[in-house]
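Engineer: Would you be able to build a 3D model of this:
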Amino acid sequence: MTSLLRTARRARPVLRASIARPPTRTAPIALQRQYASASAAAAARAAVADTGEQAFFPDEPRAPSIRTEIPGPQSKSAIERLSKVFDTRSLNMMTNYQQSYGNYIADLDGNVLLDVYAQIASIPVGYNNPSLLLAATSPEMASAIINRPALGNFPQHDWADILETGILSVAPKGLNQVFTGQSGSDANELAYKAAFMWKRQQERGGADVAFTDHEISSSMTNQAPGAPQLSILSFKSAFHGRLFASLSTTRSKPIHKLDIPAFDWPQAPFPTIKYPLEENAAENAAEEQRCLDETERLIKEWHFPPAAVVVEPIQSEGGDNHASPNFFRGLRELTKKHNILFIVDEVQTGVGATGKFWAHEHWGLSTPPDMVTFSKKAQTAGYYYGNNDLRPNKPYRQFNTWMGDPARAILFRAIIQEIRRLDLVQNTAATGHYLHEGLQNLAERYPKEIRNLRGKGQGTFIAWDSPRRDEVLKKAKSVGVNIGGSGERAIRLRPMLIFQKHHADLLLERLETIFES
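Structural biologist: You can find the predicted model right below:
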């Protein structure tokens, strides 16, 4: 058995000694997980052993198991009940998390699917991970949950330690401070606020220059100069969130934006790359230069000058659009040239998904981004920064009641420890290479099904275009795979960091079944 279960067994006496209440019926599920029969467990372990891999979750199902249509009768009943009190129109599937484990997601009807969507790229180290369960049931976690500190006013005594041993231990190079938040949208909103305050501080002549009476009074009527006419430049097909400022930089789908007032902010073109890359190198380079030239024109000419440029390393919601490191290096040089900030939105790409802990590490930047926003797989949110000038010159300017959540920061620390213990970033890089090769082989055999395959060298952050995308996603469930889409026609893979080669083989096998149908 692997050290995963040994770690869990060693920790059980500590848990029993430190928690002053009896365990609930469901809390210890990950520590007590067993198959219905010893032969089934042995078969699952043997399947992993055949690949020569270490089994991160030795008692995972050997393969998906489909018992009913999806949704089945029990799920339909639960959905009908829920729909009376909660909007279920965006529902993907009704999940039984108590029976989900590792890479597998279960529903109420006993269906068990290989999950390569992972709550829209948000589950890092598997369902019911034993190491995370230990962190979740610790006295430290219990205190953070029931006492929920208002961090700006009443931070808990060990908040610095939690940050330094967790969130800041994986900070992008050159960024040694963090402002924590509630969600990815919130992280971007906060970064935009920091950018605007930084820009106006520069224009005013420094942090020590006092606000004028006109600035103070005009801010209260939403007029300049107190409410300055500045902007954030984003890109066509970008997604940065659904709050007001973040939504103004979101350009992926009209359904997100309709009926919502928005800021008059610039939108630059994002490169439309042609595949395969090796056959279109010159044309793609020209396209990226065109986009950089237009970005610079907007920076110089837009009637509300940008304080920052925000960009995703891979445009996820907008259709899984990629660009080369040269493009992003060019963006960084433009922001330095024009004295504006460079914000990298790593909400979906961060925490190991691309075979690097942060996707922008692939770019080879000469200087770090000014801010990097994060959420999803981190299970918490915020933005990293390094420049002290990005701290507002007065308290309460970047502030809210919670300013993050220590409970989620503790969970992220446990995730980081699990990633390091199992070397999951390297695992994702290797598995992604293996999976991309398998998909390339399928693309050669089924060229009408897999078009514009992309994500080579980007871990398991892989996607392709499908002329029958929605049909493929539906059929995938019927053969035991939960996959997601993006944009108008893209199928995107967002497996967990514990996704391994034997899972990739299962996925490729099920995709072939769909393509043959």
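Engineer: can you pull the contacts of R297?
Structural biologist: Shown here is R297, which makes no contacts under the criterion Cβ atoms under 8 Å, 6 or more residues apart in numbering. All C-beta spots, glycine's among them, are computed from the backbone N, C-alpha and C.
Engineer: Look at it and give its secondary structure.
Structural biologist: Under DSSP: H, G, I helix; E, B strand; the rest coil, the three-state class of R297 is helix.
Engineer: What's the separation between it and E203?
Structural biologist: Shown here: R297 relative to E203, a distance of 22 Å by Cβ to Cβ, to the nearest Å.
Engineer: all strands in the chain, in order from the N-terminus.
Structural biologist: Counting by DSSP state E, the chain has strands at residues 104-106, 112-115, 177-181, 231-235, 267-268, 306-311, 341-345, 371-374, 381-385, 451-454, 462-465, 481-482, 484-486, 490-493.
Engineer: what's the angle between the fourth one and strand 306-311?
Structural biologist: When you say that, I think you mean strand 231-235. 20 degrees (axes from the mean of the first three to the mean of the last three Cα atoms, to 10 degrees).
Engineer: Residues in a beta bridge with V310, which ones?
Structural biologist: Using DSSP bridges, the beta-bridge partners of V310 come out as I343.
Engineer: ok, it - how many residues close by?
Structural biologist: V310: 25 surrounding residues under other Cβ atoms under 10 Å.
Engineer: list the contacts for it?
Structural biologist: Going by Cβ under 8 Å, 6+ apart, the list of residues near V310 reads 188, 191-192, 232-234, 238, 240, 249, 343-345.
Engineer: try I343
Structural biologist: By Cβ under 8 Å, 6+ apart, the residues touching I343 are 188, 191-192, 195, 232, 308-311, 369-373, 383.
Engineer: switch to 6 Å and redo it
Structural biologist: With contacts defined as Cβ atoms under 6 Å, 6 or more residues apart in numbering, the neighbours of I343 are 191, 308, 310, 371.
Engineer: tell me the two of those residues that are most distant?
Structural biologist: Taking Cβ to Cβ as the measure, the contacts of I343 reach their widest spread between V310 and M371, a distance of 8.8 Å.
Engineer: got any ranges where the stretch 51-200 of the chain has weak pLDDT?
Structural biologist: 51 (pLDDT under 70).
Engineer: mind redoing it with 80?
Structural biologist: Under the criterion pLDDT under 80, the flagged ranges of the stretch 51-200 of the chain are 51-52.
Engineer: which among the contacts of V310 gets closest to E361?
Structural biologist: For the contacts of V310, with E361 as the reference and Cβ to Cβ as the criterion, the closest is V344, at 10.5 Å.
Engineer: shouldn't the closest one be in contact with E361?
Structural biologist: No. No contact is recorded between V344 and E361 when judged using Cβ atoms under 6 Å, the distance being 10.5 Å.
Engineer: The two: which has the busier surroundings?
Structural biologist: When neighbours are counted by other Cβ under 10 Å, V344 comes out ahead of the other of V344 and E361, with 31 against 14.
Engineer: Now for the more buried one: which residues touch it?
Structural biologist: Applying Cβ under 6 Å, 6+ apart to V344 gives the contacts 360, 369, 372.
Engineer: Go through those and give me the one with the most neighbours.
Structural biologist: Neighbours were tallied for each of the contacts of V344 (criterion: other Cβ under 10 Å), and the maximum of 31 neighbours falls on P369.
Engineer: For it, give me phi and psi.
Structural biologist: The phi and psi torsions at P369 (degrees, to the nearest 10) take the values phi -60, psi 160.
Engineer: ok, for it, nearest residue in space, not its chain neighbours?
Structural biologist: Sequence neighbours aside, V344 is the residue nearest to P369 in space, at 4.3 Å (criterion: Cβ to Cβ, 6 or more residues apart in numbering).
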